[in-house]
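Novice: Turn this into a structure:
(chains A and B, ligands or ions: 1)
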Amino acid sequence: MRFKDVFSIIGPAMVGPSSSHTAGAARIGRAARQVLGELPREAEIIFFGSFAATYQGHGTDRAIIGGLLDFATDDHRLPDSVELAAEAGMDISFRQGTGLFPHPNTVRLRLVGRDTGTELTLTGISIGGGNIEIVDIDGFGVKLTGMYPTVLINHMDYLGVLASVTDVMRRGQFNIGHMSLDRKNRSGAALTVLELDEPATAGLLQELQALTAVKSVKVVDLNGVKQEQKGKESTP
Amino acid sequence: MNFQTLSQLAVLCEERGLGIGALMLEEQSAESGRPQEQEFATMKEYYGVMKEAVHRGMTQDTTSRSGLTGLDAQRVGAYNAASEPFLGGPAGQAMAYALAVSEVNASMGRIIATPTAGSCGIIPGVFLSCQERFGWDDDYMVSGLFAAGAIGYVIANNSFVSGAEGGCQAEVGSAIGMAAGALTELRGGTPAQAIHAVGLALKNTLGLICDPVGGLVEIPCIVRNGFGAVTALAAADMALAGVRSVIPSDEVIKVMLEVGSAMPEKHRETAGGGLAQTPTGRQIMKDLRNKKG
Ligand code: SF4
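Specialist: Sure, this is the predicted structure:
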C-alpha cells in the first residue's frame, strides 16, 4: 500500500500552496538533513520533471531549504527559509536535472555537512498529499517514507550482519515494519534501512553502532518532533 | 488496514456494526499502535486548523504572493448576504468557505491537505457550513473526517491523489468523493449510501486535467474548490435520496486510474497545457518570470 494510514490522506498540517511541491518537498529536505546529521554548509538542489517546471511558483525551493533547516511542514518560517539559511551560512544552488528520473516530482540533493564535511547525495520523490519516498542514498537503492521512525545502518556486507541487527531489535523489543538492504557489491559497503513501529532509543542506536561491520547509524524521524510555534499564524 | 476497496469497507462496517468513521478510527489505531483517543485528538487538532483557515480566509487579506488571486471568498460571502443568489443558503456558504481555505493556501497560510493542498478547501467548506447549519458538535465532525479519510485511503491506494500523477480528477475529484461520502454518513446515511455518494461524485470529475496557470496552485484550483463543495453537497443529497451509482464506486475509481494514466504529461501539473497554455495563461507566466527578474 502506498498510503498507509488516515493521516496520509487527511494531513499533513502544512503551509501552502502545494502538498506535493511544498509539504512533500519540505519532508524530503528534512529527511536529507537528518540523514546528513547536521546543518549543510553546501546544498545543491537538482529538480526533475514537474518539480523542475514549477518549483518557484510552488515554493518548492523554499520548502526544501526549510526542510534542510529541520522545519516541519507547518512551520510558519518556511516561506522565509532561503533567507534564514543564507544567514546560517548555507551555500545554496538550484538547477534543472538531466537524464532519467523515477517520478514526475523528483529532486536530488547534494549536501556537504557544516561540521564534519560529510557528503551526501540523496534522491527523493513526492508522491502526492505530502507523502514522500527517499529512493536513493549515496547510490544505494532504498525505500524510506518518513512515516515511521527509521534507522539507517551503513555496514559491510558480511554474512550474519543482518541477523545480529535483528537480534538487537528483538532484544530491545523493537518491531520492524519494513526493511530494505542494498549493497555496492559482494562483501562491499551496504546500507540497511529499517522502518520501526516506535521511536529508536539512544540505547538501541548504541548497541547497533557497537556491532562489528557497522560503520554508522542514523535516524530519520519526521513525526517525532512536535511542531513548534503551535497555533501561530504563518507569515503571509 | 483491513480493507482495500470500498465494498470491503462496507462489509467490515456491517460486520462490526459501525459507521465508516468509527471503523476507520479503530483501524487507524490498530495500524499505528497508538490509542484511539490519541488519534482522535490529532484529527481534532486538524479540524481546528481547518476552522482557523476558514475564519482567516473570510476575514483577512488572502492576496497571494503572485497577486493573481485572493479575497474571492469574501466577495462571494458579501454577495450571498446582500443579494438573492442562485445557490445562496448553506450551499452558498459552503462555496464561500471552500474558496476561503483555498485562498489561505495560495497565500502560504496554514491548512490541512485533504487529500492535497490543491484540494484543501472542499472538506472544510462543507464541514463547517454543515456544522453551523445542523448544530453538530466538533467530535461529530471529527468522526466525519475519519470517514472521509477512509474513502480517500481507498482512492489513493487504488488510483492516485496527486495532479502530477492523475490530473485534477485525482485531487479535486477525490476530495469531492471523500466529502460526499462523509456528508452522507453525517446525515444518517448507511455506509452503502455513503459509498454510492463517492461513486456519484467521482463520475462527475473523471477526466479533469491539472493545468494550473504558471504552475501556481491558484488558477483554476481555487474556484474548483468552490465548485467542488457544491458538487459534494449535491452528490450527498442524491445518495441520501436513494440514487445509486450503478457502476460500483470501486469500478469508478479504476476508471480514474485508467484515465489519469492515459493523460498526457502536459495535463498533469506541468503547466504545459490546458488553461496554463492559453494566450492569457502564457502572458501571466511571462509576467511572473519578469517579476522575478
Ligand atoms: S489544477 Fe492541478 S494543482 Fe490545481 S487543484 Fe487541480 S490538481 Fe491541484
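Novice: Could you give the average pLDDT over the host helix or strand of B:N204?
Specialist: Following DSSP states H and E, one finds B:N204 within helix B:191-205. Average pLDDT, helix B:191-205: 98.
Novice: helices or strands up against the lowest-mean-pLDDT helix or strand in chain A?
Specialist: The weakest-scoring helix or strand in chain A, judged by mean pLDDT, DSSP states H and E, is helix A:49-58 (a mean of 82). Helix A:49-58 is packed against helix A:60-68, strand A:105-113, with contacts defined by 3 or more C-beta pairs under 8 Å, 6 or more residues apart in numbering or on different chains; DSSP states H and E. For the C-beta atoms, the positions are set from N, CA and C on the backbone; glycine is no exception.
Novice: With mean neighbour count and distance to chain B added, can I get these in CSV?
Specialist: Formatted as CSV, the helices and strands packed on helix A:49-58 follow (neighbours: other C-beta atoms under 10 Å in any protein chain shown; distance: least, C-beta to the nearest C-beta, whole Å):
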stretch, mean neighbour count, distance to chain B
helix A:60-68, 28, 9
strand A:105-113, 23, 5
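Novice: can you put these in CSV and add distance to B:G33?
Specialist: CSV is the format used below for the helices and strands packed on helix A:49-58 (distance: least, C-beta to C-beta, whole Å):
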stretch, distance to B:G33
helix A:60-68, 26
strand A:105-113, 30
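Novice: Compare the ones you listed and report which one is nearest to the ligand.
Specialist: For the ligand, the closest of those is strand A:105-113, at 12.0 Å, according to C-beta to the nearest ligand atom.
Novice: residues in contact with the closest one?
Specialist: For strand A:105-113, the surrounding residues in contact (C-beta atoms under 8 Å, 6 or more residues apart in numbering or on different chains) are A:20-21, A:24-25, A:28-29, A:32, A:36-51, A:60, A:64, A:68, A:97, A:118-127, A:136, B:162, B:164.
Novice: again, but for stretch A:26-33
Specialist: A:14, A:39-40, A:63-73, A:78, A:107, A:109, A:111, A:120, A:122, A:124, A:126, A:130, A:132, A:134, A:144, A:146, A:220, A:222.
Novice: Can you classify whichever residue of the stretch 1-150 of chain B sits closest to the ligand by secondary structure?
Specialist: Proximity of the stretch 1-150 of chain B to the ligand (C-beta to the nearest ligand atom) peaks at B:G118, 2.6 Å away. Following DSSP: H, G, I helix; E, B strand; the rest coil, B:G118 is assigned to coil.
Novice: and residue 236, what pLDDT?
Specialist: You didn't pick a chain, so chain A it is. For A:P236, the pLDDT comes out at 31.
Novice: meant chain B, my bad for not saying
Specialist: 98.
Novice: A:K226 now?
Specialist: 39.
Novice: And for B:T270?
Specialist: 82.
Novice: ok, it to the ligand distance?
Specialist: Going from B:T270 to the ligand by C-beta to the nearest ligand atom, to the nearest Å gives 10 Å.
Novice: Pretty sure that residue sits in a strand.
Specialist: No - counting by three-state DSSP, B:T270 is not found in a strand; it is coil.
Novice: Distance of it relative to A:R108?
Specialist: According to C-beta to C-beta, to the nearest Å, B:T270 and A:R108 sit 19 Å apart.
Novice: Please apply the same query to A:I45.
Specialist: Distance from A:I45 to A:R108, by C-beta to C-beta: 8 Å.
Novice: tell me which strands and helices the helix or strand where A:A43 lies is in contact with?
Specialist: Taking DSSP H and E as the criterion, A:A43 maps to strand A:40-48. With contacts taken as 3+ C-beta pairs under 8 Å, 6+ apart, strand A:40-48 sits against helix A:60-68, strand A:91-96, strand A:105-113.
Novice: re earlier: make CSV from the helices and strands packed on helix A:49-58 and add mean pLDDT and distance to B:Y97 to it.
Specialist: Below are the helices and strands packed on helix A:49-58 laid out as CSV (pLDDT from 0 to 100; distance: least, C-beta to C-beta, whole Å):
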stretch, mean pLDDT, distance to B:Y97
helix A:60-68, 96, 26
strand A:105-113, 97, 29
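Novice: In contact with the nearest residue to B:E265 once chain neighbours are set aside, which residues?
Specialist: With C-beta to C-beta, 6 or more residues apart in numbering or on different chains as the measure, B:G272 is the residue that lies nearest to B:E265, at 6.7 Å, once sequence neighbours are left out. By C-beta under 8 Å, 6+ apart, B:G272 lies in contact with A:A53, B:E265, B:K266.
Novice: Setting aside sequence neighbours, what's the nearest residue to the first one?
Specialist: Put plainly, it is A:A53. That would be B:T270: by C-beta to C-beta, 6+ apart, it lies 4.8 Å from A:A53.
Novice: my read: the one you found touches A:S50, true?
Specialist: Yes - assessed by C-beta atoms under 8 Å, B:T270 is found in contact with A:S50 at 5.1 Å.
Novice: And these two? Which one has more around it.
Specialist: Using other C-beta atoms under 10 Å in any protein chain shown as the criterion, B:T270 and A:S50 rank with A:S50 on top: 29 against 24.
Novice: pretty sure that one contacts B:K266?
Specialist: No - in this structure, A:S50 is not within contact of B:K266 by C-beta under 8 Å, at 10.7 Å.
Novice: In three-state terms, how would A:N185 be classified?
Specialist: Strictly by three-state DSSP, A:N185 counts as coil.
Novice: just B:I247 next, same as before
Specialist: What three-state DSSP gives for B:I247 is coil.
Novice: tell me the phi and psi of it?
Specialist: phi -80, psi 120 (degrees, to the nearest 10).
Novice: What residues does it make contact with?
Specialist: Neighbour list for B:I247: B:G199, B:K203, B:V255 [criterion: C-beta under 8 Å, 6+ apart].
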